[in-house]
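Undergrad: Pasting a predicted model and its sequence here:
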Amino acid sequence: MVTGTDGGNPAVFQGYSVHRELRLLVEAGLSSWDALAATTINAGRLLGRKWGTAIGDEGTLVILDASPLDDMRNTERVHTVILRGVAVDRDAIRPPTP
């Protein structure tokens, strides 16, 4: 099982929808570990990607401020994004506030 945003569908917002989908999977009875695997390990395998921190992996991951095992809403508490081993400057890519 993998998660996905189904981008392009009405009322589906890429990014946010994955957080909601994770919460719904847990509410439906999936364990927190299995829900997280659906959006990380399983998704990477489906796409043929080596996401992770082992030598040779892409080093693409998200560091959270709190554990999603305690509350799946914590997936929204993103502290740092690492893309291919480099921390993303999230402020630099946010649109300016009017």
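TA: Happy to help now that I have it.
Undergrad: Can you pull out the low-pLDDT segments for the chain?
TA: Where the chain drops to pLDDT under 70, the residues are 5-7, 11-12.
Undergrad: So which residue is smack in the middle of it?
TA: Most central in the chain under Cα atoms, centre = their mean is Thr39, positioned 6.1 Å from the mean C-alpha point.
Undergrad: How about the contacts made by that one?
TA: Taking Cβ atoms under 8 Å, 6 or more residues apart in numbering, we find Thr39 in contact with 2-3, 18, 21-22. C-betas here are computed from N, CA, C, even on glycine.
Undergrad: try 6 Å this time
TA: Contact analysis of Thr39 by Cβ atoms under 6 Å, 6 or more residues apart in numbering lists Thr3.
Undergrad: SS state for Asn74?
TA: Three-state call for Asn74 (DSSP: H, G, I helix; E, B strand; the rest coil): helix.
Undergrad: CA atoms of stretch 59-75 as PDB?
TA: Presented in PDB, the C-alpha positions along stretch 59-75 are these (Å, rounded to 0.1, in the frame of the first residue of the first chain):
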ATOM      1  CA  GLY A  59      19.200  11.000   1.500                       C
ATOM      2  CA  THR A  60      15.700  12.500   1.000                       C
ATOM      3  CA  LEU A  61      13.800  12.700   4.200                       C
ATOM      4  CA  VAL A  62      11.800  15.000   6.500                       C
ATOM      5  CA  ILE A  63      12.700  15.700  10.100                       C
ATOM      6  CA  LEU A  64       9.700  16.400  12.300                       C
ATOM      7  CA  ASP A  65       9.400  18.400  15.600                       C
ATOM      8  CA  ALA A  66       7.300  15.600  17.200                       C
ATOM      9  CA  SER A  67       6.700  11.900  16.600                       C
ATOM     10  CA  PRO A  68       3.800  10.800  14.300                       C
ATOM     11  CA  LEU A  69       3.700   7.600  16.300                       C
ATOM     12  CA  ASP A  70       2.200   9.700  19.200                       C
ATOM     13  CA  ASP A  71      -0.200  11.600  16.900                       C
ATOM     14  CA  MET A  72      -0.300  11.400  13.100                       C
ATOM     15  CA  ARG A  73      -1.000  15.100  13.000                       C
ATOM     16  CA  ASN A  74       2.600  15.600  13.900                       C
ATOM     17  CA  THR A  75       3.600  14.900  10.300                       C
END
